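Visitor: Coordinates for the following, if possible.
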Amino acid sequence: RPAAFVAPMFAAIAAGEAMRNAGRHALLVLDTLDPLLDAWRLAFEWAEDALGRPLEPEVAATERRGCFAGVLERAASLHASTDGHPGGSLTLLVLAETEAMAALGSVAAARALAPGASGAAQASYALEDFAGRKEVEIARLRKLIDRGIALTDASLAVVGIAPPQGNGPTSPEREEAAAMRELQSLSDGQLVLDGAMASAGSFPALNPGASFSRFGLGSFGGNRADASAKAAAAAAASAPPHRDVRPPALQAVAAHLRTELSLELEARFRPGGRPSSDGTSAQDVDGALSARLGAVRAALLQPERSPASPEEMTALLLAACSGALSPLSGEVAAAALRGGADAPLLAHLREAAPQVLRRIAEEKSMSKATARELDLAVRLFVALQQAPAPSG
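Guide: Residues are numbered from 1 along each chain as shown. From the prediction side, this is the model:
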């Protein structure tokens, strides 16, 4: 059974930890969690056999969460210290195929939580069936009922509440879904892959509305007293504590693009109706939006082994979403944005406006002057691309 492979899995994690502690940077990809999940189920069965009775669901959930936290918390970035520790990091990527992740951005989840969703195809429960549950769960169930949502297995699975004992499926699939939700809440973020987009050749095949990152947004570390002391010291110095490790310019453009890419997938948010006052038709607006977001996807889809610094990636994304590349064909625009640090557009920026990349990296928030210089440099690049080739 899969639990037999839990030892090799932890051996791989230990190897990554050893590299981290030696001051190196390790990336560990777990392509399955079956060994961990199966080992937990096995331990659960042994504990119930030893006790001679079923474990309380709340106790089991707490213990399982602690088990998962012990695995995920091994991923860390260590700072070099004055006592000679070299620093290092371990990045952990976990791949999981589960309804718990798919439900985040799926139409099925939206239908399950739609007011008035029919429960005819499956049995529904009454609030009295959940007697003895936590007050927090009871309050969430009341909110569902107030919104006209039937308490079915589907709607309960979406919000992460188990059905009443003795009712509903107790299959390993349901247990795995609950485990995935716990892992999701413990992680520093998630990337939800979209099979339909991959089949259509649309890459990166991510669901932008369900994908997010919490990296760098946690606490100060240590106990609450230390965190309070650091916050007080920062306030006394009139400088707010900075906990976000992402470049400010990249934060701003990423948040904006995540919203636009999410809305692009929803047909009801596309422009429609009569032409605007300037004579621009809805089809023209839709085409311009699609072309602009196509350039964004081209900037995100860099070739393998073609890294780019945060300021370089920020410049590419700003150029793509600004619409300045719209005069170029989709193929030409994509070619200009790809190549990592060697992308043609970045080569042009280093030659025509070398100060722009430096300012993006140094400024706490991108100034209007920097944004204007970037826009001028990109439009100059477009003009050079459109210029006729000199006759030989």
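Visitor: Show me the shaky parts of this structure.
Guide: 98-123, 158, 160, 165-177, 215-246, 263-287, 391-392 (pLDDT under 70).
Visitor: Please enumerate the strands of it.
Guide: Listed in chain order, the strands of the chain (DSSP state E) span 25-30, 76-78, 88-94, 124-125, 151-152, 189-190, 212-213.
Visitor: As a markdown table, the ones you listed with mean neighbour count and distance to residue 6 would be great.
Guide: In short, each C-beta sits where N, CA and C put it, glycine included. Formatted as a markdown table, the strands of the chain follow (neighbours: other CB atoms under 10 Å; distance: least, CB to CB, whole Å):
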| stretch | mean neighbour count | distance to residue 6 |
| --- | --- | --- |
| strand 25-30 | 15 | 11 |
| strand 76-78 | 14 | 21 |
| strand 88-94 | 18 | 14 |
| strand 124-125 | 18 | 36 |
| strand 151-152 | 22 | 35 |
| strand 189-190 | 14 | 23 |
| strand 212-213 | 14 | 28 |
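Visitor: For residue 306, find the nearest of those.
Guide: strand 25-30 (16.9 Å; CB to CB).
Visitor: my read: residue 308 touches residue 316, true?
Guide: Yes. Under the criterion of CB atoms under 8 Å, residue 308 makes contact with residue 316 at 7.1 Å.
Visitor: the more surrounded of the two?
Guide: residue 316 (28 against 18; other CB atoms under 10 Å).
Visitor: check contacts around the closest residue to that one other than its chain neighbours.
Guide: Distances taken as CB to CB, 6 or more residues apart in numbering place residue 299 nearest to residue 316, at 4.4 Å, with adjacent residues excluded. Residue 299 is in contact with 313, 316-317, 319-320, 337-338, counting by CB atoms under 8 Å, 6 or more residues apart in numbering.
Visitor: same question, residue 308
Guide: If you count contacts by CB under 8 Å, 6+ apart, then residue 308 has 302, 316, 340-341, 343, 346 around it.
Visitor: possible to save those as CSV with distance to residue 71?
Guide: Formatted as CSV, those follow (distance: CB to CB, whole Å):
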residue, distance to residue 71
302, 30
316, 35
340, 32
341, 35
343, 38
346, 39
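Visitor: Which of those residues are buried, as a ChimeraX select command?
Guide: In ChimeraX, this line selects whichever of the contacts of residue 308 come out buried by 16 or more other CB atoms under 10 Å:
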select :302,316,340,343,346
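Visitor: tell me the contacts of the closest residue in space to residue 34 that isn't next to it in sequence?
Guide: The spatially closest residue to residue 34, leaving aside those adjacent along the chain, is residue 2, at 4.0 Å (CB to CB, 6+ apart). By CB under 8 Å, 6+ apart, residue 2 lies in contact with 32, 34-35, 37-39.
Visitor: Isn't residue 129 up against residue 161?
Guide: No. Using CB under 8 Å, residue 129 is not in contact with residue 161, being 11.5 Å away.
Visitor: So between these two, which is more surrounded?
Guide: A direct count of neighbours by other CB under 10 Å for residue 129 and residue 161 places residue 161 higher, at 19 against 15.
Visitor: which ones are touching the more buried one?
Guide: Contact partners of residue 161, counting by CB under 8 Å, 6+ apart, are 137, 140-141.
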